[in-house]
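Student: sequence and predicted structure below; questions after.
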Amino acid sequence: MLILGGLVGGITIAVMVEKAKAAETAKQKRKLEARSDFTATVVRGQGFTRGWGVAIDGDRQKFAFVDASPNPKIFNFNQLAGVEVERNGQSITKTNRGSQVAGAAIGAVLLGPAGLLLGGLSGSKTAVETIKKLSLKVYVSDFVQPVYEIIFYEQIGSKGAKESDLSMQMGELNAWYGRFHAILATSASRQPNPVVA
């Protein structure tokens with residue numbers, strides 16, 4: 001009976017987190033829609049995590065980072081300097097303007113959503129460890145704040161989750177990494193415009 005109660009409690013918490021994340025995403029999308037210079041094509045809200053929410057306006061070739069503050073940080077595609085996937089605080093793959101990383105690309109092709117995260121481990125057999133944090137770091141041409149971290153999963157406490165329990169988060173992280181990788185590939189020939197506050 002105790003196990004059933006714990007399972008029901010866990011499911012209830014998961015549903016509450018997803019509802020809160022959806023509400024925060026909608027709120028952040030409305031914040032972006034209030035601007036005349038940005039129409040979000042895809043959005044991922046901040047939710048309960050620290051870090052940032054993110055949105056892309058494909059038509060205007062802009063991306064934005066949103067948090068609780070009233071003003072999102074908006075950048076042109078050519079201001080993207082690099083993107084990096086981190087697992088438990090360690091870099092798995094990093095792509096800079098004009099560079100490609102084969103290990104993660106091969107992993108993504110071979111293993112699907114989890115492939116990005118496993119392909120960057122360079123064949124290590126220590127993939128059994130639990131995951132405490134999955135994040136995407138986006139580097140921009142901004143002297144004031146050059147790095148934005150989007151957290152896809154963060155365990156509070158000492159335990160982590162198994163890879164098999166995080167397929168949704170891994171798939172979402174893989175998709176956002178792919179979006180920023182595509183921005184880098186298409187805007188590689190353009191020079192970045194640094195932002196000075």
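Tutor: In hand now; what should we look at?
Student: which residues of the chain score low on pLDDT?
Tutor: 1-35, 47-49, 98-128, 188-197 (pLDDT under 70).
Student: the closest residue to A40 other than its chain neighbours and Y177, how far apart?
Tutor: Excluding the flanking residues, the one nearest A40 by CB to CB, 6 or more residues apart in numbering is A55, at 4.1 Å. Every C-beta, even on glycine, is put in place using the N, C-alpha and C of the backbone. Here the criterion is CB to CB, to the nearest Å. By it, A55 lies 16 Å from Y177.
Student: hang on, the earlier thing: what's the helix or strand hosting the residue nearest to A40 packed up against?
Tutor: Here A55 sits within strand 53-57, counting by DSSP states H and E. Packing contacts for strand 53-57, counted by 3 or more CB pairs under 8 Å, 6 or more residues apart in numbering; DSSP states H and E, involve helix 2-33, strand 42-44, strand 62-66, strand 147-154, helix 167-186.
Student: which strands or helices does the next helix or strand after the third one pack on?
Tutor: When you say that, I think you mean strand 62-66. Going down the chain from strand 62-66, the next helix or strand is strand 73-76, by DSSP H and E. If contacts are counted by 3+ CB pairs under 8 Å, 6+ apart, strand 73-76 sits against strand 62-66.
Student: for the strand it packs on, name the packing helices and strands.
Tutor: Contacts defined by 3+ CB pairs under 8 Å, 6+ apart place strand 62-66 against helix 2-33, strand 53-57, strand 73-76.
Student: can you do 6 Å?
Tutor: The contact analysis (3 or more CB pairs under 6 Å, 6 or more residues apart in numbering; DSSP states H and E) places strand 62-66 against strand 53-57, strand 73-76.
Student: among the ones you listed, which comes closest to G45?
Tutor: Among these, strand 53-57 comes nearest to G45, with 4.4 Å by CB to CB.
Student: just the C-alphas of that closest one, formatted as PDB.
Tutor: What follows is strand 53-57 as a C-alpha-only set of coordinates in PDB (Å, rounded to 0.1, in the frame of the first residue of the first chain):
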ATOM      1  CA  GLY A  53      13.400  29.700 -21.400                       C
ATOM      2  CA  VAL A  54      14.200  29.900 -25.100                       C
ATOM      3  CA  ALA A  55      12.300  30.800 -28.300                       C
ATOM      4  CA  ILE A  56      13.200  31.100 -32.000                       C
ATOM      5  CA  ASP A  57      11.700  33.400 -34.600                       C
END
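Student: in its sheet, which strands sit next to it, and in what direction?
Tutor: strand 42-44 (antiparallel), strand 62-66 (antiparallel) (DSSP bridges).
Student: so which residues make contact with that strand?
Tutor: 28, 32, 38-46, 63-66, 150 (CB atoms under 6 Å, 6 or more residues apart in numbering).
Student: select only the buried ones of these in ChimeraX?
Tutor: To isolate the buried members of the contacts of strand 53-57 in ChimeraX, using 16 or more other CB atoms under 10 Å:
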select :28,32,38,40,43,44,45,46,63,64,65,66,150
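Student: noted, bye for now.
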